[in-house]
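*Asks:* quick one, structure for this:
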Amino acid sequence: MNLRMVATDFAIDLGTSNILVYKKNESVIIDEPSMIVLDQNNTKVLAIGQEAKDMIGKTPSNIHVVKPIENGVITDFNLTEAMLKHFFNQVNPGTSIFQPKVVICVPSGITDIESRAIEDAALHAGSRDIILVDESLAAAFGMGLTPEDPRGILLLNLGAGTSEVSVISLNGIVTSKTINKGGDYIDDAIIDLFREKKRLDIGRQIAEDIKINLLSLRVKDGENSMSVDGRDLLSAAPKTVDIKSKDLVECIMPYADEIVSMIYEVLEKIPPELTADIKKDGFGLTGGISKVRGLREYIEHKLNLSSYLSENPETDAILGTGKILEDPDRFFKYRK
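*Replies:* Residues are numbered from 1 along each chain as shown. From the prediction side, this is the model:
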């Protein structure tokens, strides 16, 4: 039996789409879908993570693929605990006398009850001490910014389940606005478009591939196309259709306009001093949806502001959470 005195501390990003884990003194060691496969009685876990995602749309009726985290919030406590135990054991296999300290980033819009549910799940999964960090604040650390400074940072955190616009200063959220829309919402819009315009039924994984490879708000990308396989809604036979990028604009335009409206709403609530900082520095984007081609430029044009984006926005939050794990005094500078 693998027995150690003290388990290694780690940080975790409980995302709607993926769970990422950062191991202290190392880096990101786990990046897997936050999914679980259950048997027909919903009592036995058959697969977790990437193995579970690979089963989407391919399981018999007696096997269910579920997501215990929706819109950044735990929807099933027991399944979340099971999933956390699985990943905790990957970080610290075997038995430890002293359990690890865990830093978890969470959406700023969650309630005290939802925060407590996350803490309880992590404690039951095997951690001794838990620090909850606002996801946008963690992303700011991960992007190499200095959110502990007395300077306003306008950050757009566009994830799979939630999208948040926040202004950060002195290690805190001055004001923010969150909606339960993101990558999954766009996937649903793509699926609906194919059903209505192409009379084709496609799966969620195919919709995600279309979003990643073809979706764009750039005029120059309008004629880009790809072939999509699905099921004909009339005959139920396999069918392949072609789709162009310009045909998908309606799937993201309402979302883009809603983000712009959220930004204006947030800017109206902050002091003029922070507005001056934002006018000079522009806004930052993080989260997977910030990589949609043309979205950044569209928001820049609407706001008349510059912007900045990290090389891998999907990992900003977990890298920032890892920095807080390595140097908690920096995070608690104005929180003691």
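*Asks:* from here on, just use CA atoms for contacts and neighbour counts.
*Replies:* Will do.
*Asks:* now for residue 227: which residues touch it?
*Replies:* Shown in contact with residue 227 (Cα atoms under 8 Å, 6 or more residues apart in numbering): 240-243.
*Asks:* could you redo the last one with a cut-off of 10 Å?
*Replies:* Residue 227 is in contact with 210, 240-244, counting by Cα atoms under 10 Å, 6 or more residues apart in numbering.
*Asks:* do residue 125 as well
*Replies:* Going by Cα under 10 Å, 6+ apart, residue 125 touches 78, 80-89, 119.
*Asks:* compare these and tell me which is most surrounded.
*Replies:* Neighbour counts for these (other Cα atoms under 10 Å) peak at residue 80, which has 24 neighbours.
*Asks:* residues near residue 27, how many?
*Replies:* Using other Cα under 10 Å: residue 27 sits among 15 other residues.
*Asks:* if I look at it, how far off is residue 102?
*Replies:* According to Cα to Cα, to the nearest Å, residue 27 stands 14 Å off from residue 102.
*Asks:* got it, and residue 234?
*Replies:* Residue 234 is 52 Å from residue 102, where distance means Cα to Cα.
*Asks:* I'd say residue 6 and residue 93 touch.
*Replies:* No. Applying Cα atoms under 10 Å as the test, residue 6 and residue 93 come out as separate, 11.9 Å apart.
*Asks:* returning to that earlier point: just the closest of the contacts of residue 125 to residue 167, please.
*Replies:* residue 119 (25.5 Å; Cα to Cα).
*Asks:* for the closest one, what is the enclosing helix or strand?
*Replies:* helix 112-125 (DSSP states H and E).
*Asks:* remind me which residues of the stretch 101-250 of the chain are low pLDDT?
*Replies:* Where the stretch 101-250 of the chain drops to pLDDT under 70, the residues are 109.
*Asks:* could you pull out the helices for it?
*Replies:* Counting by DSSP state H, counting those that start in this stretch, the stretch 101-250 of the chain has helices at residues 112-125, 135-142, 183-197, 204-213, 249-267.
*Asks:* the residue nearest to residue 63 when sequence neighbours are not counted and residue 66, how far apart?
*Replies:* With sequence-adjacent residues excluded and distances taken as Cα to Cα, 6 or more residues apart in numbering, residue 63 is closest to residue 39, at 4.8 Å. Look at residue 39 and residue 66: by Cα to Cα, they are 11 Å apart.
*Asks:* the two: who's more crowded?
*Replies:* Legend: neighbour count by other Cα under 10 Å for residue 39 and residue 66, higher for residue 66 (18 against 15).
*Asks:* the more buried one and residue 208, how far apart?
*Replies:* Note on residue 66: its distance to residue 208, by Cα to Cα, is 17 Å.
*Asks:* picking that back up, neighbour-wise, which of residue 234 and residue 102 wins?
*Replies:* Regarding residue 234 and residue 102, a neighbour count based on other Cα under 10 Å identifies residue 102 as having more, with 28 against 9.
*Asks:* which ones are touching that one?
*Replies:* The contact partners of residue 102, by Cα under 10 Å, 6+ apart, come to 8-12, 22-24, 88, 119, 122-123, 126-132, 321-322, 325.
*Asks:* give me phi/psi at the closest residue to residue 139 other than its chain neighbours?
*Replies:* Nearest residue to residue 139 in three dimensions, chain neighbours excluded: residue 317, at 3.9 Å (Cα to Cα, 6+ apart). Residue 317 adopts backbone torsions of phi -60, psi -40, taken as degrees, to the nearest 10.
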